[in-house]
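Chemist: Prediction below, plus the sequence it came from.
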Amino acid sequence: MDKPVYQQQSPQVAERFAKLKQRPVVLDVEHLGKQFLSPQGEIIQALQDVSFHVHRREFMSVIGPSGCGKSTLIRIVAGLETPTSGEINLDGTPITGPGPDRGMVFQSYTLFPWLTVKKNVMFGLKMSGHGEVEAEQDAMQWIELVGLSRFANAYPHQLSGGMKQRVAIARALANRPRILLMDEPFGALDAQTRAQMQAYLMQIWENVDVTIMFITHDLDEAVYLSDRILVLKANPGRVDEMVEVPVAHPREPGQFLNPEFLATKEHIEHLIHPPVTEEIERLPIQRMTPVGDDVY
Ligand SMILES: Nc1ncnc2c1ncn2[C@@H]1O[C@H](COP(=O)(O)OP(=O)(O)O)[C@@H](O)[C@H]1O
Ligand SMILES: [Mg+2]
């Protein structure tokens with residue numbers, strides 16, 4: 001039997017995946033589990049037996065229904081939560097806490113409002129021991145990379161949402177992290193700004209030596225950006241499937257309607273939201289007021 005369309009890789013795409021798998025593993029997650037206690041004292045199994053690895057310069061997205069443990073997973077990678085079981089290694093070394101080898105961009109704007117764009121980007125550099133002059137030079141390079149040189153001396157409140165997230169990306173990249181961790185970074189942006197940010201992120205990823213782990217609940221975004229997509233299930237949060245995206249690189253918005261793009265989206269959509277079989281319930285409504293025009 002022929003493979004489904006989302007599993008059919010052109011020779012170019014297959015070769016790209018073969019090469020990707022030969023690259024060193026940056027992030028190695030083995031049998032990871034995480035339990036929380038609810039306020040009522042019940043155990044919540046946020047993650048159960050989650051295993052996967054991310055290769056150098058790979059763009060991996062994590063997708064899944066609300067509450068399936070996406071944020072918990074990325075917070076464990078960031079060192080902000082400790083796992084209850086399993087192992088997690090960055091470049092072969094166990095993660096025991098936060099560190100400059102991981103950069104983080106959240107959905108909410110996390111810039112320091114009292115610092116200019118430049119000082120925001122310099123902040124992490126100075127924390128990790130760079131001198132003022134060097135930190136400033138480096139910061140200006142990253143600010144230029146995200147196209148905001150003209151706003152280096154502006155304050156966060158003078159920037160649009162998209163611009164703030166570009167500064168957050170520059171700040172996260174300035175420390176040259178091994179992996180960039182992004183938790184729904186464009187979730188609060190309007191559709192047009194979001195599309196623009198996705199295109200910017202693709203360009204940055206193509207030009208900077210960085211591996212990206214990206215959480216989203218937007219299927220278009222996941223398929224457009226990712227090499228592979230880790231699909232999680234909820235209750236308990238666990239791996240459903242790792243999907244290799246069969247869409248060729250370089251990625252461009254024109255690919256959104258390609259058959260392989262649509263097939264991948266549809267497959268993941270079915271994993272996350274199995275088709276509803278029940279009929280939509282009809283409301284017991286009768287006409288309550290005289291209505292002039294019949295709608296049908
Ligand atoms: N600090 C916490 N204390 C208790 N329960 C938590 C905590 N953080 C997350 N959870 C629970 O763990 C599960 C996964 O949450 P989360 O990782 O935020 O999911 P997602 O990001 O996929 O929506 C949810 O049931 C959530 O209520
Ligand atoms: Mg979340």
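Modeler: Perfect, I can see it now. Keep in mind it's a predicted model, so treat the numbers as computed, not measured. Ligands and ions are numbered 1, 2, ... in the order given.
Chemist: what is the rounded mean pLDDT of the lengthiest helix in the chain?
Modeler: Looking across the chain with DSSP state H, the single longest helix is helix 191-207. Across helix 191-207, pLDDT averages out at 94.
Chemist: Which of the three states applies to residue 61?
Modeler: Using DSSP: H, G, I helix; E, B strand; the rest coil, the three-state assignment for residue 61 comes out as strand.
Chemist: go on, the one 5 residues further on?
Modeler: At residue 66, secondary structure determined by three-state DSSP is coil.
Chemist: which residues in this structure form helices?
Modeler: In the chain, helices defined by DSSP H lie at 11-22, 70-78, 117-127, 132-145, 161-174, 191-207, 219-225, 259-272, listed in chain order.
Chemist: could the ones you listed go into CSV alongside mean neighbour count?
Modeler: All C-beta spots, glycine's among them, are computed from the backbone N, C-alpha and C. Putting the helices of the chain into CSV (neighbours: other C-beta atoms under 10 Å) gives the following:
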stretch, mean neighbour count
helix 11-22, 12
helix 70-78, 22
helix 117-127, 21
helix 132-145, 17
helix 161-174, 23
helix 191-207, 16
helix 219-225, 22
helix 259-272, 17
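Chemist: who's in contact with the longest helix of the chain?
Modeler: Counting contacts by C-beta atoms under 8 Å, 6 or more residues apart in numbering, the residues outside helix 191-207 that touch it are 59, 145-147, 160-162, 165-166, 169, 173, 185-186, 189, 212, 218, 221, 224-225, 250-251, 253.
Chemist: roughly how far apart are the residue in the chain that ligand 2 sits nearest to and residue 239?
Modeler: In the chain, the residue that lies nearest ligand 2 is residue 71 (3.2 Å; C-beta to the ion). Remark: distance between residue 71 and residue 239 (C-beta to C-beta, to the nearest Å) = 16 Å.
Chemist: same thing with residue 199?
Modeler: Per C-beta to C-beta, residue 199 is found 29 Å from residue 239.
Chemist: Can I get the helices of the chain in JSON lines including distance to residue 152?
Modeler: Compiled in JSON lines, the helices of the chain are given as follows (distance: least, C-beta to C-beta, whole Å):
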{"stretch": "helix 11-22", "distance to residue 152": "36"}
{"stretch": "helix 70-78", "distance to residue 152": "27"}
{"stretch": "helix 117-127", "distance to residue 152": "4"}
{"stretch": "helix 132-145", "distance to residue 152": "5"}
{"stretch": "helix 161-174", "distance to residue 152": "10"}
{"stretch": "helix 191-207", "distance to residue 152": "17"}
{"stretch": "helix 219-225", "distance to residue 152": "27"}
{"stretch": "helix 259-272", "distance to residue 152": "37"}
